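> Structure, please.
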Amino acid sequence: MPSSLTAPPASVPAGTGREQRVDEEAVRLLPKAEVHVHLEGTFGLGEILSLAKESGVPLPGPAATLFDIGTHGSFERPEVTTGGTAGGVGGAGLSGFLRYLDWQCGLVRTAEQAARVAYSFAARQTASGIRYSDVIVNPTHWNAWRGRETELLAALASGLDEAEQDGLCVVSIACSLLRSQTALEAEALVDALRRARPARVVALSIDGDEKVTGLTGEKFRPAFRAAEAAGLRRTVHAGESSGPEGVWDALDQLHAERIDHGVRSIEDPVLVQRLVDEGIALDLCPRSNVTLGLYPDWESHPLPRLVEAGVRVTVNTDDPAPLASTLDQDWAVTAAVFGFDHARLVGFAADSIHASFAEDDLKRSLLAELDALVAAPDEGGPS
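So this is what the prediction gives:
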């Protein structure tokens, strides 16, 4: 059955000691969801340059230094890579990367521009065979929209509505707090969401550098309790630059239903067992973790150990444009590096759908489609 996953073109990263190649098309065919991807991390190179020109804002450095110009312009993958050099966007470390996002999102100043960015995101997801996405949007990065956060969300939703009408990926929004915000700011955002009920916003999230702020569960507990009471789902970045204690904090203080990253849960067997017992998904992003230096290489990543322990795992891109990748590429590399067979990839697809905040009818439809593909591998699906 895994034979269709042993053909070019997706090569394994250098230094893994493996020569297997994986067919991205086999991955692309699987109906799946992506649940840990930041809209701020999906701007294509052409999109960034156009927005900068429209807004009259200079680039923060030479384009050839910031971006990987050589990968720009592929017909199959237009506008996907802004990986840059080691000193560019993709190699700036987490703090530098977050500063870059502030500059980039500050280019979006009109509702039309925001809708265009959202539409482009849905198109990008569709190109990787993604049928549903929970996209994370952190309004603090979008400088022109301060005090108008719900207007930003409405503009993004209009672009996503148009994309769905055109048959592209269905997308919901997880509105995210920045970890350095105050409790009052967090509560004000949730209150605004509760009152405005912006379309497509289904969840509250937190992101930002845990190492800088430390544990923030107690600070944000009132906001998350209010979100829960208002019917919003909860997902929290934790266990990335913090250890397992960040995941405990997210579960106990914030009632997180999913953990974005959470990879360092592997360091605490008691926590791992809790994740298994409660069916809490870890939304892993191995390429991001390796690129930002959390692990030295792909083979050091604990993803396979978490899978072996029985934790529900989803595999995601985090910020695919600056990291110069797509979800189908990352799944193909994950399969090759860790020796996952086709059945395991089908399991990842099913887990991504189950873990998503999609409506139940859509979940059932996607799972039925996945089952049909597996049952009839010779009719267009991988064998």
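
> alpha carbons only for contacts and neighbour counts from here, please
Fine.

> Tell me where the protein is predicted with low confidence.
Along the chain, the model assigns pLDDT under 70 to residues 1-22, 63-96, 377-383.

> Report how many residues lie close to Ala192.
Around Ala192 sit 15 other residues, with neighbours defined as other C-alpha atoms under 10 Å.

> now do Trp298
Using other C-alpha under 10 Å, Trp298 has 22 neighbouring residues.

> try Phe97
Around Phe97 there are 17 other residues, counting by other C-alpha under 10 Å.

> Which strand or helix spans it?
helix 93-105 (DSSP states H and E).

> Just after that helix, pick out the following helix or strand.
Taking DSSP H and E as the definition, the helix or strand that follows helix 93-105 towards the C-terminus is helix 111-127.

> Give the buried residues for that following helix.
Along helix 111-127, the positions that meet the burial threshold by neighbour count (16 or more other C-alpha atoms under 10 Å) are 111, 113-127.

> same thing with stretch 46-60?
For stretch 46-60, a neighbour-count test (16+ other C-alpha under 10 Å) marks Gly46, Glu47, Ile48, Leu49, Leu51, Ala52 as buried.

> From the chain's centroid, how far away is that stretch?
24 Å (C-alpha atoms, centre = their mean, to the nearest Å).

> What is the strand or helix carrying Trp331 packed up against?
When secondary structure is defined by DSSP H and E, Trp331 falls within helix 327-338. Here helix 327-338 touches helix 24-28, going by 3 or more C-alpha pairs under 8 Å, 6 or more residues apart in numbering; DSSP states H and E.

> Swap in 10 Å and give it another go.
Helices and strands in packing contact with helix 327-338 are listed as helix 24-28, strand 32-38, helix 111-127, helix 286-291, helix 303-309, strand 313-315, helix 342-355; criterion 3 or more C-alpha pairs under 10 Å, 6 or more residues apart in numbering; DSSP states H and E.

> What angle do strand 32-38 and it make with each other?
Interaxial angle, helix 327-338 versus strand 32-38 (axes from the mean of the first three to the mean of the last three C-alpha atoms, to 10 degrees): 100 degrees.

> export helix 327-338 as CSV, just CAs?
In CSV, the C-alpha atoms belonging to helix 327-338 read as follows (Å, rounded to 0.1, in the frame of the first residue of the first chain):
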residue,chain,number,x,y,z
LEU,A,327,1.4,21.2,3.7
ASP,A,328,1.7,18.4,1.1
GLN,A,329,5.4,18.9,1.0
ASP,A,330,5.7,18.7,4.8
TRP,A,331,3.5,15.6,5.0
ALA,A,332,5.7,14.0,2.3
VAL,A,333,8.9,14.8,4.2
THR,A,334,7.4,13.7,7.5
ALA,A,335,6.5,10.3,5.9
ALA,A,336,10.0,9.9,4.4
VAL,A,337,12.0,10.9,7.5
PHE,A,338,10.0,8.9,10.0
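
> Mind listing what's buried along it?
Within helix 327-338, the residues that qualify as buried by neighbour count (16+ other C-alpha under 10 Å) are Leu327, Asp328, Gln329, Asp330, Trp331, Ala332, Val333, Thr334, Ala335, Ala336, Val337.
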